[in-house]
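Q: Sequence and predicted model, in that order:
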Amino acid sequence: MVSSSDPVTMEIPPKSPDGSEKSPQSKELLTSNTASTLCISSRSESVWTSASRSKWDIYRKPVIVMSVGAAIFLIGTVITSLSCFLIENKNIYKMCGPAFLSLGLMLLVCGLVWIPIIRKKQKQRQKSQFLQSLKSFFFNR
């Protein structure tokens, strides 16, 4: 147990041979950290890999969002229609039904809007690859 009158000793890290404060291990960590930061900050579509992707890989996320949105919308339709037919707990059905309807419709529309955005990006990427190949053809002669 350390009391307040005991001196506190701190371990001083050894200096590197060139006189800088950082040890070789910390320099190594710094460079690996920088490389991982570079990989993380790059876009999800890597510039270095030009392998063609399948349609499912490209449109998977919007299709899932649209499917979940359609399912929630249908659940909202069922809950709202239950408020018309069932007498008990009518207020709960009237409150939850429209909430599910709006949430499902929002997800469905987001998925539907996402697809043309992906198509536009694909066209821009194809144009960019074409221009890069032209540039490399003319400037590498």
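A: Looks like it arrived, so ask away.
Q: okay, how far is it across stretch 81-92, tip to tip?
A: 12 Å (Cα to Cα, to the nearest Å).
Q: List the contacts of it.
A: In this structure, residues lying in contact with stretch 81-92 by Cβ atoms under 8 Å, 6 or more residues apart in numbering are Tyr93, Lys94, Gly97. For glycine as for every other residue, the C-beta is placed from the backbone atoms N, C-alpha and C.
Q: Could you list the low-pLDDT ranges of the chain?
A: For the chain, the stretches flagged by pLDDT under 70 are 1-51, 141.
Q: Scan it for its longest helix.
A: Looking across the chain with DSSP state H, the single longest helix is helix 90-139.
Q: Could you pick out the buried ones from the contacts of stretch 81-92?
A: Neighbour counting over the contacts of stretch 81-92 (16 or more other Cβ atoms under 10 Å) leaves Tyr93, Gly97 as the buried ones.
Q: would you turn the contacts of stretch 81-92 into TSV with distance to Phe139?
A: Listed next are the contacts of stretch 81-92 as TSV, based on distance: Cβ to Cβ, whole Å:
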residue	distance to Phe139
Tyr93	68
Lys94	68
Gly97	63
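Q: From the contacts of stretch 81-92, pick the one nearest Arg60.
A: Nearest to Arg60 among those, counting by Cβ to Cβ, is Gly97 at 30.0 Å.
Q: which residue sits closest to the closest one in space, ignoring its chain neighbours?
A: Setting aside the residues directly before and after it, Gly97 is nearest to Thr80 in space (Cβ to Cβ, 6 or more residues apart in numbering), at 3.2 Å.
Q: Show the contacting residues for that neighbour.
A: Thr80 neighbours (Cβ under 8 Å, 6+ apart): Tyr93, Lys94, Gly97, Pro98, Phe100, Leu101.
Q: Let me know whether the fourth one touches Thr77 as I believe.
A: What it means is Pro98. No: under the criterion of Cβ atoms under 8 Å, Pro98 is not in contact with Thr77, lying 10.3 Å apart.
Q: Ramachandran coordinates for Glu88?
A: The phi and psi values for Glu88, taken as degrees, to the nearest 10, are phi -80, psi 150.
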